[in-house]
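# Structure for this input, please:
(one chain, ligands or ions: 1)
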Amino acid sequence: MAYERDTLVRWDRDHLWHPFTQMAGFCQEELLIITRGEGVYLYDSEGRRYLDGVSSLWANLHGHRRPELDRALIAQLEQVAHSTLLGLAHPPAILLARRLAEIAPAGLTRVFFSDNGSTAVEAALKLAFQYWRNKGQPQRQRFLKLSGAYHGDTLGAVAVGGIPLFHETYRPLLFETLEAPATYCYRCLHLKDCQTQCLTRLEELVAAHHQELAAVILEPLMQGAAGMIPQPPGYLTKVREATRRHGVLLIADEVAVGFGRTGKMFACEHEQVSPDLLCLAKGLTGGYLPLAATLATDEIYQGFLGEYQEFKTFFHGHTYSGNPLAAAVALASLDIFQKERLLEELPGKIELLSTRLAEMAAHPHIGDIRQRGLMVGIELVQDKNTREPFPPARRTGHRVILAARQLGAILRPLGDTIVLMPPLCISLEELDTLAAITLEAIRRGTAAA
Ligand SMILES: Cc1ncc(COP(=O)(O)O)c(C=O)c1O
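Residues are numbered from 1 along each chain as shown. Purely as a prediction, here's the structure:
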């Protein structure tokens, strides 16, 4: 049954608490209600069309209402919508585990399903922690993270997070971690005498604390929610070398960067790095349904085997872990990658996006543009020479995305960094449109600044 827009707005105001949203201000703004999607476009209750410039929170890959994915979902629905993986199996989960093990970086042969990015990270942290206990090295309990890190909103994931605005409130609830500097070149004190001090610091921390370290956790190649902070070439390799040298596990969180976003299926492939644990979610189902996977090496898996009474079991799991509908859609999404040779199409799109971004660089309020594949952060500043940010109360990033909406694109900023992360299926023409809207929205959102 369809409801009038006014009714929906009223009920939204009365009952719906939106995530990551200051509801006081939000309730004053016009509510955008999305009622359908098609390809790279979303449509609102008034029939207006918007380019989905951030893939519905970095998830969508092949477009909305993609027939192959819709069909896979319906076909599975005709079998069973949900059945647990606790003590039972079902074909979509078995097939998907096998497929993921085939395409993942070498050595990641074991697949533990959950249902969102945060739970994929929680599972990785607990696996790393318990692995060392099971191996008789319980002193290895600490985690090393990067500053600015974002790995989700559950408490374990928050503990390995490094965004004060999101994470500091909860500090008393969190376990302590070691923190290495992010590769945030634009705001680095060593910019003029860069000797990759950030990397050296990480290596020093790993060397100094290796006996108590369970794992290093990072997003390979690009820290997403940190503000789209790319890592220099070779960085990931060096982190892998340092962790190997000291017998510390490496957790790669590819929740955001996985599934083609950086131009390769997995970001780790850019440097032929195999982590010990790999976290996947978001694009795993092509952005259709909540599903996540934590992949582990056989060595880690073996560490959990034993007689029941040894209690080496991984006592962890969620009701909807590996849900059959989601797993069936994930399989269909991987089929699209294969059938359409999707990854081979990406370099042309990435190049066009780079060209359009380079054309924007002269804008007086664009301080820095950071791109890896089809992931982009455009950092806006009040003063381009001094790199002085806009005052937070001005909400410049927010102004820009409201302007983008007027112009027909949905974006979502990270503070004053404007994020672009279109679905992989976006055409060159649509990319051109997205870039043009973004620039015009930045002009409007920073006007009279
Ligand atoms: C790198 C990374 N890890 C984990 C998460 C958490 O994923 P979810 O929102 O599905 O819990 C996110 C979400 O943006 C993310 O970007």
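# Could you pull out the helices in the stretch 101-250 of the chain for me?
Along the stretch 101-250 of the chain, the segments classed as helices by DSSP state H, counting those that start in this stretch run 117-134, 155-159, 164-167, 197-209, 235-245.
# roughly how far out does the longest one sit from the chain middle?
It refers to helix 117-134. Computed by C-alpha atoms, centre = their mean, to the nearest Å, the chain-centroid distance of helix 117-134 equals 18 Å.
# quick one: is that helix near the ligand?
Yes - Helix 117-134 lies within reach of the ligand by C-beta under 6 Å from any ligand atom, at Gly117, Ser118, Val121. To be clear about C-beta, it is placed using only N, CA and C from the backbone, and glycine gets the same treatment.
# For the stretch 151-300 of the chain, what lies in contact range of the ligand?
Applying C-beta under 6 Å from any ligand atom, we find that the stretch 151-300 of the chain lies next to the ligand at His151, Gly152, Glu219, Gly224, Ala225, Asp253, Val255, Ala256, Ala281.
# these two touch, right, Leu202 and Ala242?
Yes - checked against C-beta atoms under 8 Å, the pair Leu202 and Ala242 is within contact range at 6.8 Å.
# More neighbours: these two, which one.
For Leu202 and Ala242, the more surrounded residue by other C-beta atoms under 10 Å is Leu202, and the numbers stand at 25 against 21.
# ok now do the more buried one, which residues does it touch?
By C-beta atoms under 8 Å, 6 or more residues apart in numbering, the residues touching Leu202 are Leu144, Leu146, Ala180, Pro181, Val216, Val239, Ala242.
# one step back: just among the residues of helix 117-134 next to the ligand, which is most surrounded?
Ranked by the number of neighbours (other C-beta under 10 Å), those place Val121 first, at 30 neighbours.
# ok, now which ones touch it?
Under the criterion of C-beta under 8 Å, 6+ apart, the neighbours of Val121 are His151, Gly152, Thr154, Gly156, Ala157, Val160, Ile217, Ile251, Asp253, Val255, Cys279, Thr294.
# if we go to 6 Å?
By C-beta atoms under 6 Å, 6 or more residues apart in numbering, the residues touching Val121 are His151, Gly152, Ala157, Asp253, Cys279.
# Now for the residues of the stretch 151-300 of the chain next to the ligand: which two are most distant?
Every pair in these was compared (C-beta to C-beta); the two farthest apart turn out to be Ala225 and Ala281, at 13.3 Å.
# Considering the residues of the stretch 151-300 of the chain next to the ligand, which possesses the most neighbours?
Taking other C-beta under 10 Å as the neighbour criterion, Asp253 ranks highest of those with 32 neighbours.
# Dump the contacts of Val121 to TSV, plus pLDDT and distance to His82.
Shown next, in TSV, are those (pLDDT from 0 to 100; distance: C-beta to C-beta, whole Å):
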residue	pLDDT	distance to His82
His151	98	27
Gly152	98	23
Ala157	98	25
Asp253	99	27
Cys279	99	23
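# Restricted to strands, list those residues.
Among those, the ones falling in strands (DSSP state E) are Asp253, Cys279.
# quick one: which of the contacts of Val121 is nearest the ligand?
Within these, proximity to the ligand (C-beta to the nearest ligand atom) peaks at Gly152, which comes in at 3.4 Å.
# Render the CA-only coordinates of the helix or strand where Ser354 lies in CSV, please.
Taking DSSP states H and E as the definition, one finds Ser354 inside helix 342-360. Written as CSV, here are the backbone C-alpha positions of helix 342-360 (Å, rounded to 0.1, in the frame of the first residue of the first chain):
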residue,chain,number,x,y,z
LEU,A,342,34.0,-6.2,-15.2
LEU,A,343,37.5,-5.6,-13.9
GLU,A,344,38.8,-5.2,-17.4
GLU,A,345,36.3,-2.4,-18.0
LEU,A,346,37.5,-0.4,-15.0
PRO,A,347,40.8,1.2,-16.2
GLY,A,348,38.9,3.4,-18.8
LYS,A,349,36.5,4.6,-16.2
ILE,A,350,39.2,5.2,-13.6
GLU,A,351,41.2,7.2,-16.2
LEU,A,352,38.2,9.3,-17.2
LEU,A,353,37.5,10.0,-13.5
SER,A,354,41.2,11.0,-13.0
THR,A,355,40.9,13.4,-15.9
ARG,A,356,37.8,15.1,-14.6
LEU,A,357,39.2,15.3,-11.1
ALA,A,358,42.4,17.0,-12.4
GLU,A,359,40.2,19.6,-14.1
MET,A,360,38.6,20.4,-10.8
